[in-house]
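Q: got a structure for you, letters missing:
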């Protein structure tokens with residue numbers, strides 16, 4: 001089979017690490033390392049910067065925040081590190097943490113290092129050479145959903161993460177918080193979202209549970225085994241993990257779930273291979289999750305709240321990024337047309353609301 005392992009690429013200009021500083025710090029945690037690391041960087045850039053440090057006798061991942069203006073409370077390396085360290089004993093697909101560096105003198109910011117899990121990361125398209133038929137693809141799809149269900153069933157007390165969230169009222173806090181963030185980040189070329197925000201506020205339910213949620217559950221945040229590409233061996237990117245309502249987590253995940261018969265506008269936003277033959281459709285994902293988890297919600301009516309919330313939250317995230325571009329706080333051309341996505345997501349939210357009223 002063709003090598004389909006996720007490798008990383010050349011470090012982007014302006015995002016280089018202080019190799020000597022990082023090497024000296026890491027060898028203080030892993031004294032058996034020798035030589036200097038070969039450093040590559042993984043794609044992305046809107047969120048935290050992620051690097052691979054490959055030694056002759058060790059393989060690691062380094063995560064650090066991006067340069068420039070950051071939202072308050074975002075890109076907290078210490079929090080992301082501690083969440084994973086606490087989860088690892090009860091949720092084994094979390095990477096093994098090596099250490100947290102809070103001394104910004106080492107490479108210009110705080111960062112943490114973890115062991116690298118070698119495997120396949122399913123991004124927008126599955127890697128070339130990885131031929132999965134529809135049956136195998138369905139098994140991959142349900143295995144990924146099973147890991148989400150498994151996370152939501154973790155015993156919070158066993159992790160010591162009781163103080164990670166604020167307790168009951170998560171749904172209400174999310175609607176209020178994301179509404180305020182959108183209003184603050186609005187630019188002239190995007191909709192007001194007043195109708196969507198009012199609809200969500202009016203229909204905010206009580207929390208169904210208070211569990212560990214990932215808050216960014218996507219296929220490109222999981223690692224698959226090279227020997228069995230349907231098997232999830234790692235879950236990445238715990239930046240937004242917290243204690244909250246599991247159905248809100250599922251709603252967030254569905255915001256990225258583009259299926260084969262979606263229109264061209266939706267297809268243009270696809271960033272994971274959920275369009276492949278064998279993948280569950282969005283309504284099937286909800287049914288599968290509810291059946292496996294045991295949570296109860298009226299699929300025909302009340303579920304619409306969670307799906308609209310997921311799309312609205314995605315719109316706010318996109319708008320916050322676009323706001324930085326619009327006000328020249330970043331010049332990354334990838335963000336130039338995010339305002340179009342924000343308009344499109346408003347249209348999708350309103351379509352779901354209209355459908356829910358039938």
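A: Nice, thanks for sending it over. Just so it is clear, the structure is predicted and the values come from calculations on it, not from any experiment. Numbers count the residues shown, from 1 in each chain.

Q: Now find how far off-centre stretch 250-257 is within its chain.
A: Distance of stretch 250-257 from the chain centroid (Cα atoms, centre = their mean, to the nearest Å) equals 10 Å.

Q: Now do residue 229 against residue 159, distance only.
A: Taking Cβ to Cβ, to the nearest Å as the measure, residue 229 falls 29 Å from residue 159. C-beta here means a position set from N, CA and C on the backbone, and glycine is covered the same way.

Q: the more surrounded of these two?
A: residue 229 (23 against 19; other Cβ atoms under 10 Å).

Q: for the more buried one, what are its contacts?
A: 4, 120, 130, 132, 136, 140 (Cβ atoms under 8 Å, 6 or more residues apart in numbering).

Q: List buried residues within the residues you listed.
A: 4, 120, 130, 132, 140 (16 or more other Cβ atoms under 10 Å).

Q: Strands - which of those residues land there?
A: Members of the buried ones among the contacts of residue 229 lying in strands (criterion: DSSP state E): none.

Q: Sort out which one of those lies nearest residue 67 for me.
A: residue 120 (29.8 Å; Cβ to Cβ).

Q: List the beta-bridge partners for that closest one.
A: residue 224 (DSSP bridges).

Q: how about the strands in this protein?
A: Under DSSP E, the chain gives strands at 38-41, 49-55, 58-64, 97-101, 111-115, 211-213, 222-224, 232-235, 242-244.

Q: And the contacts of stretch 340-350?
A: Outside stretch 340-350, the residues touching it (Cβ under 8 Å, 6+ apart) are 189-191, 193, 195-196, 265-266, 269, 308, 311-312, 314-315, 318-319, 322.

Q: For PyMOL, write the selection for the buried entries among the residues you listed.
A: Here is the PyMOL command that selects the buried residues among the contacts of stretch 340-350 (16+ other Cβ under 10 Å):
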select buried, resi 190+191+193+196+269+308+311+312+314+315+318+319+322
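
Q: Just the residues contacting the helix or strand bottoming out on mean pLDDT in the chain, thanks.
A: When each helix and strand of the chain is scored by mean pLDDT, DSSP states H and E, helix 264-267 comes last, with a mean of 86. Here helix 264-267 makes contact (Cβ under 8 Å, 6+ apart) with 258, 275, 344, 348.

Q: Need the max-distance pair from those.
A: The widest separation within the contacts of helix 264-267 (Cβ to Cβ) is 17.3 Å, between 275 and 344.

Q: could you give the mean pLDDT of the lengthiest helix in the chain?
A: Of all segments of type helix in the chain, defined using DSSP state H, the longest is helix 303-326. Averaged across helix 303-326, pLDDT comes to 96.

Q: Against which helices or strands is that helix packed?
A: helix 170-185, helix 194-202, helix 246-254, helix 338-356 (3 or more Cβ pairs under 8 Å, 6 or more residues apart in numbering; DSSP states H and E).

Q: what pLDDT, on average, does the first one get?
A: Same thing as helix 170-185. On average, helix 170-185 scores 98.

Q: the inter-axis angle of it versus helix 194-202?
A: Counting by axes from the mean of the first three to the mean of the last three Cα atoms, to 10 degrees, helix 170-185 points 160 degrees away from the direction of helix 194-202.

Q: For helix 170-185, which outside residues touch it?
A: 71, 166, 193, 197, 200-201, 204-207, 210, 243-245, 248, 309, 312-313, 315-316, 319-320, 322-323.

Q: Sweet, I'm off.
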